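>>> Quick one: sequence and predicted model below, then my questions.
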Amino acid sequence: MGCQQSGDDLVSLAVTIRTELERKLSNKARVHLPFDEDKTEFEKANLRFTQYERPTYLAIVDPVCENDVIEVVKYAREKGIPFTPRGGHHSVTTTMGRFQNGMCINMRPLNQMRWDAGKRHVTIGGGAITDEFVRFVHDLGMEVTFGAGLGRLQGKYGFLNDNMISCKLVLADGSMVVASKNSHPDLFWGLRGAGHNFGIALEATFQVYPQANGGIHHTWDLEYTLDQCDEVFRTLNSVYESMPAELAIFVLWLRRSSGRKHIILVNLVWSGAAADADPYVQRFESLEPVLSSGRKSIPWPELPYATYKEMNKLFCKPEIWLRGPYKMMGAACVETFDLKTTREFFESVKSMSEKWEDRGWFSAMFECLPDQRVREISDDATAFPWRGGSNHFLMLNATPKRMEDRKVFEDHLNYWKRRFIDTSGYGRLQQYVSYGNGTSTMKDPPEALYGYEPWRLEKLRNLKQKYDPDNVFRWYQPLLES
């Protein structure tokens, strides 16, 4: 709609949206426009981890209650204006680039949380971010899987969505429903793996569990040279064969670290008693890393900021993001690491980093997570399709400083994504939906995100027809193309 209109028409439309919508919203709700004299609130809600294939907003609404969200959806549907909810900043999904000059519902004000001690249930608002959720649960003496829905504790508790008890959401027609095993069970199934296709979450309730080890986790950073690549990944493959639920491993490529260039960083995290981790830590220590941090013991909420050389302390700051605005990501899952492919990938990253040192960055992060509880849950229990097909999650990153160089960076990602798929052990792309980003020239097909079994896509598309027949929620990893 709006992207085909003139600038003056867009300004007029934005003013109309504010005038008409403010009459329908609660007193403290606000509508922000990109040309407001004070742009602070618009820019705060417009902030995004990457400017690559990003959406653009004609108006951003800050709701203060659930009914505000409902009124925005009804208004947008009535006027034929595209709309999308927004929570945190980190979405890198390239399908969102199709959303231009629509309305954004900034869910962040709806970040309330409450605790049911009898049931050990935590209910969080649709605008809460992970850090808030983790700290709230930790202060209760509880824990559950966190991350992007999967995470370090999934070996104990399954995915976060496996622990969902219910979800209150606004559907495409503006109606509100609560989905659970006993209410709209078909929708509840679809929400856990494909939920962004069906509505806007107002709040969700999760089962949580008493903390192990007093909520203290142990972490080690070990650095290796590129020459040690085969040894590192041979060891990683071997460890994963009997990886306990308490262990999670992350591998990162660092262009520069501790005075050295081109480093493979292995981060180990252990969620039990420290002494029990020794056999696994020693297997990596025996490879003679060029640097070892030793053990750090830290509370669960601080874990993201203490692992892999505390880099998240920087990456969580917008002023740091903006130094590399055009972040691109390609991702794939592998069953085991093919040593030749992995080594050649890192050699290529080193070569590209040197060749393009003044014009961009290349990096990677591999997640190797336990899956005991994940596999215990029936494969058809939720919409998530890869319980037995997602051993390691690979995220490949490229960031040109200027978009005129984008093709070189996109081609690098596309080539290595294909190489990892070819040697993944799965024979095809099996993709965690939140990592299913792709570049503008290589999109992930729906089957890779939602499952290749015909019944899965048929069931999801029937749900889509039932709950969103007009394909309103089509911007983030859509089931259907408009």
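Ah, there it is.
>>> tell me the strands in the stretch 351-482 of the chain, going along the chain?
Here the stretch 351-482 of the chain has its strands, by DSSP state E, counting those that start in this stretch, at 360-368, 392-400.
>>> Can I get those strands in JSON lines including mean neighbour count?
No exception for glycine: its C-beta is placed from N, CA and C like everyone else's. Shown next, in JSON lines, are those (neighbours: other CB atoms under 10 Å):
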{"stretch": "strand 360-368", "mean neighbour count": "21"}
{"stretch": "strand 392-400", "mean neighbour count": "23"}
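>>> Select, out of the ones you listed, the one closest to Arg406.
Arg406 lies closest to strand 392-400 among the strands of the stretch 351-482 of the chain, at 5.6 Å (CB to CB).
>>> Contacts for that closest one, please.
150, 240, 324, 326-337, 345, 352, 356, 359-369, 406, 408-410, 412-413, 416-417, 420, 432, 435 (CB atoms under 8 Å, 6 or more residues apart in numbering).
>>> That one pairs with which strands, and in what direction?
The strands beside strand 392-400 in its sheet (DSSP bridges) come out as strand 328-334 (antiparallel), strand 360-368 (antiparallel).
>>> Please produce JSON lines containing those strands, extended by distance to Ala274 and mean pLDDT.
Output for the strands paired with strand 392-400, formatted as JSON lines (distance: least, CB to CB, whole Å; pLDDT from 0 to 100):
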{"stretch": "strand 328-334", "distance to Ala274": "30", "mean pLDDT": "95"}
{"stretch": "strand 360-368", "distance to Ala274": "20", "mean pLDDT": "96"}
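>>> Redo those as a markdown table? Include distance to Asp278.
Shown next, in a markdown table, are the strands paired with strand 392-400 (distance: least, CB to CB, whole Å):
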| stretch | distance to Asp278 |
| --- | --- |
| strand 328-334 | 28 |
| strand 360-368 | 19 |
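>>> Those strands: which one's closest to Trp253?
Proximity to Trp253 (CB to CB) singles out strand 360-368 among the strands paired with strand 392-400, at 4.5 Å.
>>> Low-confidence ranges, the stretch 351-482 of the chain, go.
Applying pLDDT under 70 to the stretch 351-482 of the chain flags residues 482.
>>> all helices of it, in order?
Using DSSP state H, counting those that start in this stretch, the helices of the stretch 351-482 of the chain run over 372-376, 406-422, 446-450, 454-467.
>>> Residues touching the third one, excluding its own?
So that's helix 446-450. Under the criterion CB under 8 Å, 6+ apart, residues 193-194, 383, 385, 428-431, 433, 436, 456-457, 460, 477-479 lie in contact with helix 446-450.
>>> Quickly note the distance from the nearest residue to Val64 once chain neighbours are set aside to Asp470.
Leaving aside its chain neighbours, Val64 sits nearest to Lys28 (4.7 Å; criterion: CB to CB, 6 or more residues apart in numbering). Lys28 sits 31 Å away from Asp470, going by CB to CB, to the nearest Å.
>>> Please apply the same query to Leu463.
Applying CB to CB to Leu463 and Asp470 gives a distance of 14 Å.
>>> any low-confidence regions in the protein?
1-4, 482.
>>> domains of it?
2-106, 113-210, 215-450 (automatic domain parsing).
>>> picking that back up, would you list the buried entries among the contacts of helix 446-450?
193-194, 383, 385, 429-431, 433, 436, 456-457, 460, 477-479 (16 or more other CB atoms under 10 Å).
>>> still on that earlier bit, turn the strands of the stretch 351-482 of the chain into CSV, including distance to Gly80.
Compiled in CSV, these are given as follows (distance: least, CB to CB, whole Å):
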stretch, distance to Gly80
strand 360-368, 40
strand 392-400, 36
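>>> about what we covered before: which two from the buried ones among the contacts of helix 446-450 end up farthest apart in space?
Pairwise over the buried ones among the contacts of helix 446-450, using CB to CB, the maximum falls at Gln430 and Pro478, 18.7 Å.
>>> I'd say Glu132 and Arg108 touch.
No - counting by CB atoms under 8 Å, Glu132 stays clear of Arg108, with 10.0 Å between them.
>>> Who has more neighbours out of the two?
Shown here are Glu132 and Arg108; by other CB atoms under 10 Å, Arg108 has more neighbours (19 against 16).
>>> residues contacting the more buried one?
45, 62, 86-87, 127, 129.
>>> looking at this, it is in a helix?
No - under DSSP: H, G, I helix; E, B strand; the rest coil, Arg108 sits outside any helix and is assigned coil.
>>> how near is it to Glu41?
Counting by CB to CB - Arg108 and Glu41 are separated by 11 Å.
>>> Pull up the overlap in contacts between the two.
Counting by CB under 8 Å, 6+ apart, the residues touching both Arg108 and Glu41 are Asp62.
>>> Would you list the buried entries among the contacts of strand 392-400?
By 16+ other CB under 10 Å, the contacts of strand 392-400 give 150, 240, 324, 326-337, 345, 352, 356, 360-369, 406, 409-410, 412-413, 416-417, 420, 432, 435 as buried.
>>> With respect to Thr19, which of the buried ones among the contacts of helix 446-450 is nearest?
Looking across the buried ones among the contacts of helix 446-450 and measuring by CB to CB, the closest to Thr19 is Pro478, at 31.5 Å.
>>> which residues touch the closest one?
95, 197, 446, 471.
>>> Export those to JSON lines and append columns for distance to Ala306.
Putting the contacts of Pro478 into JSON lines (distance: CB to CB, whole Å) gives the following:
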{"residue": "Thr95", "distance to Ala306": "33"}
{"residue": "Asn197", "distance to Ala306": "36"}
{"residue": "Pro446", "distance to Ala306": "37"}
{"residue": "Asn471", "distance to Ala306": "43"}
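>>> Reformat those as CSV; add neighbour count and distance to Asn213.
Formatted as CSV, these follow (neighbours: other CB atoms under 10 Å; distance: CB to CB, whole Å):
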residue, neighbour count, distance to Asn213
Thr95, 20, 40
Asn197, 27, 38
Pro446, 21, 41
Asn471, 15, 46
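>>> which among these gets closest to Tyr52?
Nearest to Tyr52 out of the contacts of Pro478 is Thr95 (CB to CB; 12.3 Å).
>>> Give me the buried stretch members for stretch 311-330, please.
Result for stretch 311-330 [16+ other CB under 10 Å]: buried residues 311, 321, 324-330.
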